[in-house]
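Novice: I'll drop the sequence and a predicted model, then ask my questions.
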Amino acid sequence: MKSYSQDIPLTLEDLIPGGKTYYKYRAEMPRQLTWYGENLVYAKGDSLMIAPYTDKEKPKVLLTLADINNSIQIDQSQKPGSLNRVQFVSPQSHLLRIVSGGSIYLYDMVTKTVKAEYKSLEKAENRDWAEGTDYMAYTKDNNLYIQDGKGKEIAVTNESNKGVVSGQTVHRNEFGIDKGTFWSPQGDLLAFYKMDETMVTDYPLVDISARVARLKDIKYPMAGMKSHHVTIGIYNPVTNNTVFLNTGTPKEKYLTNVTWSPDGKSVYIAELNRGQDTCVLKSYNAASGKLEATLFTETHKKYVEPEHGAIFLKSDPSKFLWFSKRDGFNHLYLYDVSGKLIRQITSGSWDVLSVLGFDEKGENLFYLSAEASPIEKHIYKLDLKTGKKIQLSKEEGMHSAMLSASGRYISDVYNSQYNAGKAAITDTKTNKTHIFHSAKDPFRNTKLPEITLGSIKTDDGKTDLYYRLVKPLNFDPNKKYPVVVYVYGGPHSQMVNNSWMAQTRGWEIYMAEKGYIAFSLDNRGTSNRGFDFENITHRQLGVVETKDQMSGVAYLKSLPYVDADRIGVHGWSFGGFMTMNLMLRHSDVFKVGVAGGPVTDWKYYEIMYGERYMDSPQENPEGYKETSMVNRASDLKGRLLIIHGDEDPTVVMQHSLQFIKSAIGKGTHPDFFVYPGHGHNMIGRDRVHLHEHITRYFDDFLK
């Protein structure tokens, strides 16, 4: 029988981000992993190391922090104190980017000199460098700027109205949008988003940290109300001139997946109507802003959600790959620049998850997909000419990867339920893999509860739903245990997969130590299972999801060690919404619930997400009525704690307050707790307090 050096159970300080000893229990993996030419480089202490390709080699030192500081000609106070402030500009470049206070330096590792310096960046955000030039774009407040390598700042926009924002993300970060600037391949032109929010309703948040509480208005477009208007500018640093693309009317639409053509002469935009059922791919002339071509239109009776721009072939810039779910799964299609469909590149009852790139000649494509299993992610190589496909990842689990500069090698970082983490290099020609790092189990000296990964069927008996079950520490099959269902259940999520410890959260481990069973299940509506699995929830969020969660509860009740009279539920955001669905639709089953940052009525949620999944309140009044938790406040029987950050800009606190108001009117009694100064999630030390507070509630009313 294995003995453990730690007999004292793990605490929330050990298990929750923000805890004093949290990082003690994180698997140690290579930091700042990146390609430098054909060398895979990572940070170890104060050294940049080159990973070995074979077991006959050892890691080599490429550069040390001392090397940098001894040769870089900058003020002593500006020199980096750790490698956390140092990063490679690109795999093809000898340049390192050194961030130091309000300045950034480009350091040449070969000549050991500073090639560029960017100054006065204390308030600069959204920094974006142009490949092959010394231009850097960034934003300050609502305006966009660029700097050259000599520190000369140029204002691209000069907008005094705070309701007009340039160079930042738009459409509330939906549609795969995670930035607001896009340099051309040659680095000589800058495409950027300009968003006019002046017509969008101001929403009041209150900062109570001031002596007299301060109003902090944000722009929050609620479903069915006015949305912002977005345009795309093309800025030329040489002429200091901006041309805007003629995207026309209606102005209330979504301009997504901005992509430059390889020659830098055209910009491709996936334009989506506000109803989100029609996507049109268009190309615009970067010099004039005029529409060049409408390549194709894709429609769906529920919604179309473009999340990836055009991927131009390395071997033929007149052709590109396009992601689409048109056959029911997320796959790649080959088009030419006239919009002619050449052929479907991938197919099958599985989703392509992302494209990694091409090899040196552009003959082979590398991508990640869920083909091997819906709860795993693997690396594939596809010959674009023959269609021959090879799986490059060797072991089970969740893999992530990066290509070397030539595409000859690929990094493979992965883990699985019983593998804390490995890092490897694969030769993409021979498919030989060398594992150069294997993480030790951070809990190797600690006794943990048993974790089971499994599946059940939906109520139709056809579809698999994957679950994770964590048994209490020192489990006794002859006892009856209370259960806490940990739920999310919303779009773009997967809470259960074959990753380290089956993605078990620290709080679940803590609850299992305290004698609870922790259970999570991915219902229909979640990701990586095909489009029909995802969109079955359309216009009725929470209904099918609740039905599937109840299939999970039926499975729990079939287990002899589950106490069916002591079942609770906890979730955050969409999971808070699901917690309330389960508590209110099945009040006879759930005794206790804790709903964090919950949506209680979709009419109070934002346009982009809300109208995709629910349509507008005007179009779907019955759906909004059916899915409103505010309307169900009278159904509350068990103990329900609602938690909200008072400055939540995502699910505004009005959701919780409206539910409480309804409960008061209907004579039911939820509990309420507020985290002052916090947004949609509690961070830092307060996150430990949050989980202690949640745990106390279950201990008081469920255990």
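Specialist: Everything's here; your move.
Novice: what's the model's confidence in the helix ranked longest in the chain, averaged?
Specialist: Determined from DSSP state H, the single longest helix within the chain is helix 685-701. Mean pLDDT, helix 685-701: 98.
Novice: before we move on, what about stretch 226-246?
Specialist: 97.
Novice: that stretch: end-to-end distance?
Specialist: For stretch 226-246, the first-to-last residue distance is 22 Å (C-alpha to C-alpha, to the nearest Å).
Novice: just stretch 351-366 next, same as before
Specialist: Across stretch 351-366, the terminal residues are separated by 14 Å (C-alpha to C-alpha).
Novice: tell me the buried residues in that stretch?
Specialist: Neighbour-count burial for stretch 351-366 flags 351-353, 356-359, 362-366 (criterion: 16 or more other C-beta atoms under 10 Å). Using the backbone N, CA and C atoms, a C-beta is placed for each residue, glycine as well.
Novice: and for it, what's in contact with it?
Specialist: 308, 311, 313-316, 321, 323, 329-332, 345-346, 367-370, 377, 379-385, 392, 401-403, 406-408, 410, 428, 528-530 (C-beta atoms under 8 Å, 6 or more residues apart in numbering).
Novice: list the buried residues in the longest helix of the chain.
Specialist: So for helix 685-701, counting by 16+ other C-beta under 10 Å, buried means 686-688, 690-695, 697-698, 701.
Novice: name the helices or strands packed onto that helix?
Specialist: With contacts taken as 3 or more C-beta pairs under 8 Å, 6 or more residues apart in numbering; DSSP states H and E, helix 685-701 sits against helix 12-15, helix 506-513, strand 562-572, strand 592-596, strand 639-645, strand 671-675.
Novice: for residue 79, which of the ones you listed is the nearest?
Specialist: helix 12-15 (34.2 Å; C-beta to C-beta).
Novice: please list the outside residues in contact with the closest one.
Specialist: Helix 12-15 is contacted by residues 19-22, 24-25, 506-507, 509-510, 688, 691-692, 695 when judged by C-beta under 8 Å, 6+ apart.
Novice: mind running it again at 7 Å?
Specialist: Helix 12-15 has contacts (C-beta atoms under 7 Å, 6 or more residues apart in numbering) with 19-22, 24-25, 506-507, 509-510, 688, 691-692.
Novice: between its first and last residues, how far does stretch 325-341 reach?
Specialist: Terminal residues of stretch 325-341 lie 15 Å apart, using C-alpha to C-alpha.
Novice: what does that stretch contact?
Specialist: Contacts to stretch 325-341, defined as C-beta under 7 Å, 6+ apart, come from residues 293, 295-296, 298, 318-324, 342-352, 530-532.
Novice: now that stretch: how far from the chain's centre is it?
Specialist: How far stretch 325-341 lies from its chain's middle: 24 Å, per C-alpha atoms, centre = their mean, to the nearest Å.
Novice: buried ones in that stretch?
Specialist: If you call a residue buried by 16+ other C-beta under 10 Å, then stretch 325-341 has these buried ones: 325, 329-335, 337.
Novice: confirm residue 548 sits in a helix?
Specialist: Yes - judged by DSSP: H, G, I helix; E, B strand; the rest coil, residue 548 forms part of a helix.
Novice: let me know the secondary structure of the closest residue to it other than its chain neighbours.
Specialist: Leaving aside its sequence neighbours, residue 548 sits nearest to residue 523 (C-beta to C-beta, 6 or more residues apart in numbering; 3.5 Å). Assigned by three-state DSSP, the conformation of residue 523 is coil.
Novice: OK, contacts around residue 523?
Specialist: Listed by C-beta under 7 Å, 6+ apart, the contact partners of residue 523 are 465, 489, 545, 548-549.
Novice: same list (those residues) but as JSON lines, adding distance to residue 76, neighbour count and pLDDT.
Specialist: Output for these, formatted as JSON lines (distance: C-beta to C-beta, whole Å; neighbours: other C-beta atoms under 10 Å; pLDDT from 0 to 100):
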{"residue": "465", "distance to residue 76": "59", "neighbour count": "22", "pLDDT": "98"}
{"residue": "489", "distance to residue 76": "53", "neighbour count": "29", "pLDDT": "98"}
{"residue": "545", "distance to residue 76": "57", "neighbour count": "27", "pLDDT": "98"}
{"residue": "548", "distance to residue 76": "60", "neighbour count": "23", "pLDDT": "98"}
{"residue": "549", "distance to residue 76": "59", "neighbour count": "28", "pLDDT": "98"}
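Novice: ok, these vs residue 180, which is closest?
Specialist: residue 489 (30.5 Å).
Novice: so where's this protein uncertain?
Specialist: Residue ranges of the chain with pLDDT under 70: 1-8.
Novice: what ranges does it have for its helices?
Specialist: According to DSSP H, the helices that the chain contains are 12-15, 65-71, 506-513, 531-535, 543-557, 574-585, 607-614, 621-626, 654-666, 685-701.
Novice: hmm, who's touching the longest helix of the chain?
Specialist: 12-13, 16-19, 484, 507, 510-511, 568, 570, 592, 594, 639, 641, 673, 675, 678, 682.
Novice: from the residues you listed, list the buried ones, please.
Specialist: The neighbour count (16+ other C-beta under 10 Å) marks 12, 16, 18-19, 484, 507, 510-511, 568, 570, 592, 594, 639, 641, 675, 678, 682 as buried among those.
Novice: how close does residue 376 get to residue 317?
Specialist: From residue 376 over to residue 317 the distance is 34 Å, taken as C-beta to C-beta, to the nearest Å.
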